[in-house]
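Give me the fold of what follows.
(one chain, ligands or ions: 1)
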Amino acid sequence: MLNEIQISQIKEHLNNAQNPLFFFDNDPDGLCSFILLQKYIGRGKGFPVKSSPLDKNYLRKINELNPDYLFILDVPVVLEEFFEEIKKINLPVVWIDHHNTEKSKIPDFVNYYNPFLEKDFPSSTTYLCYEATKKKEDLWITIAGSISDNFVPEVYEEFKKIYPDLSLDSSDAFEILYNSRIGVIANLLNCGLKDKTTNVIKMIKFLMNVKSPYDVLEKTPKNREMHEKFEIINKKLKKFLERAQEEANASDKLVFFEYGGDTSMSAEISNRLKYFFPGRIIFVAYVSEGFVNISGRGENVKRILEKTLKQGNFENARGGGHENAVGARIMKKDLDAFREKIKEFVNKG
Ligand SMILES: [Mn+2]
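Predicted coordinates:
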């Protein structure tokens with residue numbers, strides 16, 4: 001949680017910013033963080049950061065829009081090459097995040113806010129932004145962003161009272177995400193972000209003006225694409241989950257699931273598998289042209305991944321993440337070897 005000084009500093013930055021640009025992580029937590037801050041000051045533009053880490057390519061947006069402030073939301077890693085250029089043009093930067101990051105890598109000129117580094121306290125970036133803006137009418141946005149990042153903030157109690165029809169009596173983020181209407185909203189935003197750029201921009205504009213959660217839930221011409229993407233993705237997810245169920249029947253410790261297609265939804269699949277098969281190690285591999293993107297969930301999964309990558313010594317491989325949630329990327333030719341190594345380490349315990 002942010003302290004009083006941090007909250008007033010963030011508010012001051014927001015009030016100072018006349019033409020801010022917001023770069024946010026390409027998920028509902030990042031998106032909702034942006035929406036909260038944008039609504040608070042009623043100005044600024046926002047763009048999702050699709051590549052991780054944030055790199056030099058995003059300087060183009062800055063040259064194009066010439067902002068007087070840059071906010072970076074929910075993005076765990078920003079490359080030095082990016083900050084070097086930002087420093088040259090003296091652009092004030094405010095970076096708000098909740099990931100475990102190396103503090104030494106944050107340049108001095110960046111206004112950095114991340115309570116996780118002080119207290120190892122879980123949060124969501126959306127909730128951190130809400131602590132600064134505290135606009136009651138945006139409480140539902142706070143909940144949608146938070147539960148999609150596996151975090152139930154204490155203000156959920158208040159939310160339940162205002163919106164009993166959207167909430168669920170639970171303290172488990174995934175249970176809320178999969179079984180309530182605020183969860184549907186979070187999923188709608190998540191699917192909308194996977195759409196093509198013009199539709200993503202349309203959705204962001206829609207959200208900047210949206211007044212209530214019911215405007216999101218109701219399909220109208222203003223949010224039609226978001227709903228359609230949601231319907232398509234949900235249909236696919238249902239099919240994938242049936243197949244994953246068969247995988248899960250074959251092992252009692254591991255679920256290793258592979259899929260392809262034009263939309264990556266590894267995080268969605270792995271989170272659901274984790275929810276349906278608690279206690280298991282989950283690996284989801286998205287096989288695309290030449291590469292495989294991997295998402296892992298479960299106890300000590302970070303250690304399992306690290307050992308696998310080290311021993312496998314795969315070409316062009318990288319990966320990392322939290323203790324219980326990781327991501328990795330390997331080359332397609334190494335998938336069989338990768339899978340076998342994972343099996344070996346999971347079964348050894
Ligand atoms: Mn996040």
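
residues contacting the closest residue to the ion within the stretch 101-250 of the chain?
Closest residue of the stretch 101-250 of the chain to the ion, C-beta to the ion: Asp149 (4.2 Å). Just so you know, the C-beta spots here come from the backbone N, C-alpha and C atoms, and that holds for glycine as well. For Asp149, the contacting residues are 27-29, 98, 124-126, 173, by C-beta atoms under 8 Å, 6 or more residues apart in numbering.

Need the buried ones from the residues you listed selected in PyMOL.
Those of the contacts of Asp149 that count as buried under 16 or more other C-beta atoms under 10 Å are selected in PyMOL with:
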select buried, resi 27+28+29+98+124+125+126+173
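
Out of the contacts of Asp149, which are close to the ion?
Among the contacts of Asp149, proximity to the ion is found for 29, 125 (C-beta under 5 Å from the ion).

Tabulate the contacts of Asp149 in a markdown table, adding columns for distance to Ile342.
Below are the contacts of Asp149 laid out as a markdown table (distance: C-beta to C-beta, whole Å):
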| residue | distance to Ile342 |
| --- | --- |
| Asp27 | 25 |
| Pro28 | 28 |
| Asp29 | 27 |
| His98 | 28 |
| Ser124 | 29 |
| Thr125 | 30 |
| Thr126 | 32 |
| Ala173 | 26 |
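
Mind checking which of the contacts of Asp149 land in helices?
Of those, the ones assigned to helices by DSSP state H are 28-29, 125-126, 173.

quick check, nearest of these to Glu258?
Using C-beta to C-beta, Pro28 comes nearest to Glu258 of the ones in helices among the contacts of Asp149, at 25.3 Å.

pLDDT score for the closest residue to Tyr259 other than its chain neighbours?
Using C-beta to C-beta, 6 or more residues apart in numbering and skipping the chain neighbours, the partner closest in space to Tyr259 is Phe240 (5.7 Å). Confidence at Phe240, expressed as pLDDT, is 92.

average pLDDT for stretch 284-298?
For stretch 284-298, mean pLDDT rounds to 94.

start to end distance for that stretch?
Distance between the boundary residues of stretch 284-298 (C-alpha to C-alpha, to the nearest Å) amounts to 12 Å.

Return the set of buried residues in that stretch.
With burial defined by 16+ other C-beta under 10 Å, the residues of stretch 284-298 counted as buried are 284-286, 291-298.

Please enumerate the strands of the stretch 101-250 of the chain.
Using DSSP state E, counting those that start in this stretch, the strands assigned to the stretch 101-250 of the chain run over residues 110-113.
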